[in-house]
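Undergrad: Got a predicted structure plus its sequence, pasted below:
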Amino acid sequence: MDIYRPASWSEALEVKRGAPESVPLAGGTDLMVDLNFGRARPQALLDLTRLAELAGWDRDNGRVRIGAGVTFTTLIAELAPELPGLAIASRTVGSPQIRNRATLGGNLGTASPAGDALPPLLAAGAEVEVASAARSRRIPLEDFFIAPKVTALEGGELIAAIVVPVADGPQQYSKIGTRNAMVIATVSFALALHPGRRRVGTGIGSAAPRPLRATEAEDFIGGVLAEHDLWSSGAPIPEPASARFGELVAAAAQPIDDVRGTVAYRRHALAVLARRTLAWAWSDYRSAA
Ligand SMILES: Cc1cc2nc3c(=O)[nH]c(=O)nc-3n(C[C@H](O)[C@H](O)[C@H](O)COP(=O)(O)OP(=O)(O)OC[C@H]3O[C@@H](n4cnc5c(N)ncnc54)[C@H](O)[C@@H]3O)c2cc1C
């Protein structure tokens with residue numbers, strides 16, 4: 001197996017152009033597991049761990065640009081004020097050792113519907129910045145995931161960064177698993193309130209072939225908040241509206257029966273998580289008003 005160890009981002013893109021079959025290696029917490037279990041035998045590895053360009057984040061014009069190589073530990077330590085939903089989700093990832101190695105870019109690259117970073121990024125309206133030696137482009141996150149382990153990356157492209165609007169309101173994330181640590185989510189849900197745009201964002205995890213938004217539920221609850229002018233009054237959300245929101249989130253999912261849960265359980269749990277995260281976020285919004 002060939003191992004490429006570029007020292008700069010431009011060198012990495014040149015290597016990828018010349019050896020498109022090379023598989024990027026970031027923290028290795030997914031890829032090395034696949035290698036160790038014989039599930040992957042790449043012809044070549046492209047080690048991205050030395051690239052300073054991927055390891056940092058910056059804030060510009062109301063957005064945070066997070067390098068693909070930023071770890072969950074860094075997201076928790078440095079970005080909780082800007083991206084609270086992503087920070088909450090990051091705290092649920094693996095263990096301290098995993099969070100020290102595992103990167104945001106790797107979570108996207110694996111493209112598992114259970115990736116914990118993905119629902120809060122969807123709810124926040126994130127974009128993925130991808131680059132090849134020839135060009136750079138941005139893809140809305142919801143268009144980035146095609147199927148389990150399949151992304152919109154084209155030959156020669158790497159993930160450079162994830163660009164996320166700074167939170168303009170409360171954000172929440174909740175995940176159900178068989179215990180609190182070191183589990184893949186049976187189902188997960190993220191919610192972001194966008195008071196400035198009078199919108200509610202959502203992200204569903206582990207309940208479809210790819211992470212997705214519950215757009216009908218977003219429109220419904222956004223309509224309720226506008227119709228009753230709740231954004232201004234901060235009055236409680238009527239219980240029937242919150243229940244309907246939960247139903248619409250559950251209806252948006254396309255779950256399967258597997259070892260972690262059944263279709264019926266996943267739909268039920270999603271409705272509960274949707275109502276619960278809405279109540280938490282609305283309570284935060286009311287107390288900040
Ligand atoms: C014990 C354990 C517990 C875990 N718990 C969780 C959990 O709770 N929640 C969760 O979401 N995940 C969990 N994971 C999975 C894993 O840690 C995450 O998916 C992590 O974000 C992967 O990041 P990485 O940097 O280690 O990626 P790697 O393993 O290096 O790469 C993962 C994939 O992304 C590709 N890739 C990496 N960087 C790029 C790039 N810049 N451009 C293009 N492709 C790229 C790689 O080629 C590979 O296909 C766990 C893993 C282990 C081993």
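TA: Arrived safely.
Undergrad: How far away from the center of its chain is stretch 236-248?
TA: 25 Å (CA atoms, centre = their mean, to the nearest Å).
Undergrad: residues in contact with that stretch?
TA: 214, 216-217, 220-221, 224-225, 228, 230, 270-272, 274-275, 278-279, 282, 286 (CB atoms under 8 Å, 6 or more residues apart in numbering). C-beta coordinates here come from the backbone N, C-alpha and C atoms, glycine included.
Undergrad: Narrow the residues you listed to just the buried residues.
TA: Among these, those scoring as buried are 214, 217, 220-221, 224-225, 230, 270-272, 274-275, 278-279, 282 (criterion: 16 or more other CB atoms under 10 Å).
Undergrad: among the residues you listed, which are in helices?
TA: Using DSSP state H, 217, 220-221, 224-225, 230, 270-272, 274-275, 278-279, 282 are the members of the buried ones among the contacts of stretch 236-248 that sit in helices.
Undergrad: closest to residue 140 among these?
TA: residue 217 (18.5 Å; CB to CB).
Undergrad: So what sits opposite whichever residue of the stretch 151-289 of the chain sits closest to the ligand in the bridge?
TA: Nearest to the ligand in the stretch 151-289 of the chain, going by CB to the nearest ligand atom, is residue 159, at a distance of 3.5 Å. Per DSSP bridges, the residues bridged to residue 159 are residue 130.
Undergrad: burial of it, as a residue count?
TA: Residue 159 has 27 neighbours, counted by other CB atoms under 10 Å.
Undergrad: and it, what does it touch?
TA: With CB under 8 Å, 6+ apart, residue 159 has these contacts: 68, 105, 108, 109, 128, 129, 130, 153.
Undergrad: pLDDT wise, what is it at?
TA: pLDDT for residue 159: 98.
Undergrad: what about the helices in the stretch 1-150 of the chain?
TA: 9-18, 31-36, 72-79, 84-91, 96-101, 104-110, 118-124, 141-144 (DSSP state H, counting those that start in this stretch).
Undergrad: Quick one: distance of the last one to the chain centre.
TA: Meaning helix 141-144. For helix 141-144, the distance to the chain centre is 10 Å (CA atoms, centre = their mean).
Undergrad: circling back to that earlier point, could you write me a PyMOL select line covering just the buried ones among the contacts of residue 159?
TA: Applying 16+ other CB under 10 Å to the contacts of residue 159, the buried members can be selected in PyMOL as follows:
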select buried, resi 68+105+108+109+128+129+130+153
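Undergrad: Tell me how many other residues crowd residue 14.
TA: Using other CB under 10 Å: residue 14 sits among 16 other residues.
Undergrad: That one and residue 133 touch, don't they?
TA: Yes - counting by CB atoms under 8 Å, residue 14 sits close enough to residue 133 to count as a contact (5.5 Å).
Undergrad: mind checking pLDDT for the residue nearest to residue 46 when sequence neighbours are not counted?
TA: Ranked by CB to CB, 6 or more residues apart in numbering and with sequence neighbours excluded, the top spatial neighbour of residue 46 is residue 22, at 4.1 Å. The confidence metric pLDDT takes the value 97 at residue 22.
Undergrad: Give the residue spans of the stretch 51-200 of the chain that score low on pLDDT.
TA: Counting by pLDDT under 70, the stretch 51-200 of the chain contains no low-confidence segment.
Undergrad: swap the cut-off to 80 and go again
TA: 179-181 (pLDDT under 80).
Undergrad: gap between residue 26 and the ligand?
TA: Distance from residue 26 to the ligand, counting by CB to the nearest ligand atom, to the nearest Å: 3 Å.
Undergrad: correction: residue 29
TA: For residue 29 relative to the ligand (CB to the nearest ligand atom), the value is 3 Å.
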